[in-house]
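Chemist: quick one: sequence plus predicted model below, questions after.
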Amino acid sequence: MSDEQHSQPASVTIRQAQDQVDEWIQSIGVRYFDPMTNLAQLVEEVGEVARILSRTCGEQSYKASDQPGELADELADVLFVTLCLANQSGIDLTTALRENLAKKTKRDKDRHRNNAKLQS
């Protein structure tokens, strides 16, 4: 990646993120891991997010030997692997997200608003 690509704009579209990850894989990562390896990586990264949240927002505490992780970094790792899986599967995540939000909107139009557990 060139220096220009390292100084990225404040916001990036999902398409741009997919393209940047693909370029990184091609230039630095050599090739995509196979999908099952990427799935294992995704589960590992989600586990790291869970570990941080269980200790910062939940009832778990850190051991003296623990090195607290950075939530932002771990979420970025989750996003990176998700983008890899989408790229290698030929999925445009912009389209997929739009369709998913439309599905959720239709299905859940009144569901959450009428959920007594969400009323405070």
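Modeler: Cool, the structure landed. Numbering: from 1, shown residues only.
Chemist: quick check: the residue positioned nearest the centre of the chain vs Gln20, distance?
Modeler: Residue closest to the mean C-alpha point of the chain, counted by CA atoms, centre = their mean, is Leu79 at 2.5 Å. Note on Leu79: its distance to Gln20, by CB to CB, to the nearest Å, is 11 Å. All C-beta atoms are positioned from the backbone trio N, CA, C, and that covers glycine.
Chemist: what helix or strand is Asp66 on?
Modeler: Assigned by DSSP states H and E, Asp66 belongs to no helix or strand.
Chemist: which parts of this structure are helices?
Modeler: Using DSSP state H, the helices of the chain run over residues 3-6, 14-24, 35-56, 71-89, 93-107.
Chemist: which one of those lies nearest to Ala64?
Modeler: Ala64 lies closest to helix 35-56 among these, at 12.8 Å (CB to CB).
Chemist: below-threshold pLDDT in this structure: ranges please.
Modeler: Counting by pLDDT under 70, the low-confidence segments of the chain come to 1-9.
Chemist: ok, now with 80
Modeler: Scanning the chain for pLDDT under 80 picks out the ranges 1-9, 120.
Chemist: gap between the two ends of stretch 18-29?
Modeler: End-to-end span of stretch 18-29 (CA to CA, to the nearest Å): 14 Å.
Chemist: again with stretch 23-35
Modeler: Stretch 23-35: ends 18 Å apart by CA to CA.
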